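J.: Predicted model and sequence below, questions to follow.
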Amino acid sequence: MIRLDNVTKIYKGETRAVDGVSLDIQKGEFVFLVGESGSGKSTMLRLFTAEESATAGQVHVAGKDLTRISSGRVPYLRRNIGSVFQDFKLLPQKTVYENVAFALEVIGRPKNIVTTQVPAILDLVGLSHKQKSFPDELSGGEQQRVSIARAFVNRPLILLADEPTGNLDPNTAQEIMRLLDRINRTGTTVVMATHDQTIVDQMRRRVIALRAGQVIRDEQQGVYG
Amino acid sequence: MVRFLRRTGYFVRETWINIRRNLTLTVAAILTVAVGVMLVGLGLMARYASTNALGRWQGGVQFEIFLEPNISGGQIDALGEELRNHPDIERIQYITQEQAFELLEEMLVDEPELLAEVSLESLPPSYRVVPRFAEGELIESLAAQFRQRPGVYSVETGRQQVDAIREWFNSFRWIVLLMSIVLAAASALLIFNMIRVAMFARRREIEVMKLVGATNSFIRLPFIMEGMLHGLAGGIVGAVAAGVLRNHVEELFGRSEILAFFRSFTVTSSQFNTAILATVIMGVVVGALGSAFAAGRFLDV
């Protein structure tokens, strides 16, 4: 599903954010990217969505060679990838329902798809009763669930999560992890960058540890380290 | 295309939200477009009008000898013989009363009530004379030779006036062209900036759209439509203003004795329509250019 071959990303000619990384993530895997701030986790995720392009090496995501993809195809690549962030990136002037529906509307999905898919996904994340609320009326955990709903409503092949529990208390973080686990069980590949040692140790999934842009550890049922 | 049509509701809604959000800027942009394209419209009309008026003298090198309406056939022939044999005259053309009436009909096609006042018999027949040389002084002296002949009502050269008017119109055209270019550029820049502000106000939405895989054209289209809408509004206001001004000016020419000369400077209704259409299209183009440039510049993948 995701394959990196000797990938290097250099910012402004000096900072080596990713340094000669090769890795292979299979369909349906759940992978933690761990490492200190600045170790290259976020850059790696941005390489997957073609927000950054590799300075050297090859990036394959969802069957596409991102070193050769034309800018016109990038949006279609992104329809196969859901993204979740620490700061949720919800639109404050739209309701929960509208925030999720927005993701389908702007890729031109017909209205009948929107009206069936959005309630279904809100049900999945347990927010059916809050669909008319605005983001600032929700708790952090609820907001993150909306953002996961938005990322998953189009049933992407891959879900990328950049510190999704970073702003949440431990109990809420557990809820979010249960949700991501559930999504993973539908066959969706999940890649999550995190600092949260408790979560990583508890889930016992594949752990890829980064330091200074290099992979220093890659374990199938790993711990934070 | 079908997919785009299905999303029309989305685009209309988004465009309307953008416009409502910065109304003052919108008004400023529309007015600038309006003034700019109004000048384009007026310039075009002036061009038509001057061409129409000058066309009568065909480059200003010919003059016309108008004869008394009751001149005898022998006098006409004698005068024609003399003109034809004159060494300084290239060729002549005799315009009968009927032909004169036809010409007048053409000129007054939009003012039938005026035409109704004119009778065939009251029109003078005339000789149109093309001299061998195009110098103004020669033409003047040539014309003077025939002014006192029996049966000659008047001789009109109009050369100096024509030259003066043409010169005046040429510089007027340039000034109008220059001003409309400057104003068009200013309005394109204003629209460019307005779209930039609109995009900045909606940067979070744009970020999310990119994130979930909306295409660039989908993200840009509402902004470009907004710019075109501003251009269209400005174009319509400008066209109306140009139309009102045209009527006012023609009325002024009709009323004032000093400006009587300008009475022949009129535009036909089809020329007027062309100018108005060009004005509106110009507005839309300016709006599309400004917004497309902004959207292209600030919305990369």
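T.: On my side now, so go ahead.

J.: from here on, contacts and neighbour counts on C-alpha atoms
T.: Fine.

J.: any low-confidence regions in the stretch 151-300 of chain B?
T.: The model of the stretch 151-300 of chain B has pLDDT under 70 over residues B:158-162, B:165, B:257-265, B:300.

J.: where do the helices sit along it?
T.: Here the stretch 151-300 of chain B has its helices, by DSSP state H, counting those that start in this stretch, at B:159-201, B:203-212, B:216-255, B:269-298.

J.: Ok, which of those helices comes nearest chain A?
T.: helix B:203-212 (5.8 Å; Cα to the nearest Cα).

J.: hmm, the closest one in reach of chain A?
T.: Yes - Helix B:203-212 is in contact with chain A by Cα under 8 Å from any Cα of the partner chain, via B:Arg204, B:Glu205, B:Val208, B:Met209, B:Lys210, B:Leu211, B:Val212.

J.: any chance of these in JSON lines, with neighbour count too?
T.: Shown next, in JSON lines, are these (neighbours: other Cα atoms under 10 Å in any protein chain shown):
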{"residue": "B:Arg204", "neighbour count": "15"}
{"residue": "B:Glu205", "neighbour count": "19"}
{"residue": "B:Val208", "neighbour count": "20"}
{"residue": "B:Met209", "neighbour count": "22"}
{"residue": "B:Lys210", "neighbour count": "24"}
{"residue": "B:Leu211", "neighbour count": "21"}
{"residue": "B:Val212", "neighbour count": "27"}
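
J.: sorry, back to before: quick one: which of the helices of the stretch 151-300 of chain B is nearest A:Gly126?
T.: Closest approach to A:Gly126 among these (Cα to Cα): helix B:203-212, 21.7 Å.

J.: which helices and strands sit right next to the closest one?
T.: Helices and strands touching helix B:203-212, by 3 or more Cα pairs under 8 Å, 6 or more residues apart in numbering or on different chains; DSSP states H and E, are helix A:74-78, strand A:81-85, helix A:96-105, helix B:216-255.

J.: State which helix of chain A is the longest.
T.: Ranked by number of residues, the top helix in chain A under DSSP state H is helix A:170-185.

J.: Now do that helix, average pLDDT.
T.: The average pLDDT within helix A:170-185 is 94.

J.: near chain A, which residues of the stretch 201-301 of chain B?
T.: Residues of the stretch 201-301 of chain B lying near chain A (Cα under 8 Å from any Cα): B:204-205, B:208-216, B:218, B:301.

J.: Residues of chain A that sit close to chain B?
T.: Counting by Cα under 8 Å from any Cα, chain A comes close to chain B at A:51, A:71-72, A:74-79, A:81-83, A:89, A:91, A:103, A:106-108, A:151.

J.: and whichever residue of chain B sits closest to chain A, how many residues sit next to it?
T.: Minimum separation of chain B from chain A (Cα to the nearest Cα) falls at B:Gly213, amounting to 4.0 Å. Residues contacting B:Gly213 under the criterion other Cα atoms under 10 Å in any protein chain shown number 24.

J.: surely it meets A:Arg109?
T.: No - applying Cα atoms under 8 Å, one finds B:Gly213 not in contact with A:Arg109, separated by 11.8 Å.

J.: Pull the contacting residues for the one residue in chain A that gets nearest to chain B.
T.: Proximity of chain A to chain B (Cα to the nearest Cα) peaks at A:Pro75, 4.0 Å away. By Cα atoms under 8 Å, 6 or more residues apart in numbering or on different chains, the contact list for A:Pro75 reads B:Lys210, B:Val212, B:Gly213, B:Ala214, B:Thr215, B:Asn216.

J.: what does A:Val118 give?
T.: A:Tyr97, A:Val100, A:Ala101, A:Val153.

J.: How about the first one, nearest residue that isn't a chain neighbour?
T.: Meaning A:Tyr97. Among residues not flanking A:Tyr97 along the chain, A:Gln131 sits closest, at 4.8 Å (Cα to Cα, 6 or more residues apart in numbering or on different chains).

J.: I'd assumed A:Thr95 was in contact with the one you found.
T.: Yes - between A:Gln131 and A:Thr95 there is a contact under Cα under 8 Å: 6.6 Å.

J.: So which bits of stretch A:108-127 are buried?
T.: Buried residues in stretch A:108-127, counted by 16 or more other Cα atoms under 10 Å in any protein chain shown: A:Gly108, A:Arg109, A:Val114, A:Gln117, A:Val118, A:Pro119, A:Ile121, A:Leu122, A:Val125, A:Leu127.

J.: give me the number of residues near A:Val223?
T.: Neighbour count of A:Val223, defined by other Cα under 10 Å: 21.

J.: and what of B:Leu120?
T.: Residues lying near B:Leu120 (other Cα under 10 Å) number 13.

J.: so who does B:Ile281 touch?
T.: Contacts for B:Ile281 (Cα under 8 Å, 6+ apart) come out as B:Leu232, B:Gly235.

J.: If anything else comes up later, I'll come back, but that's it for now.
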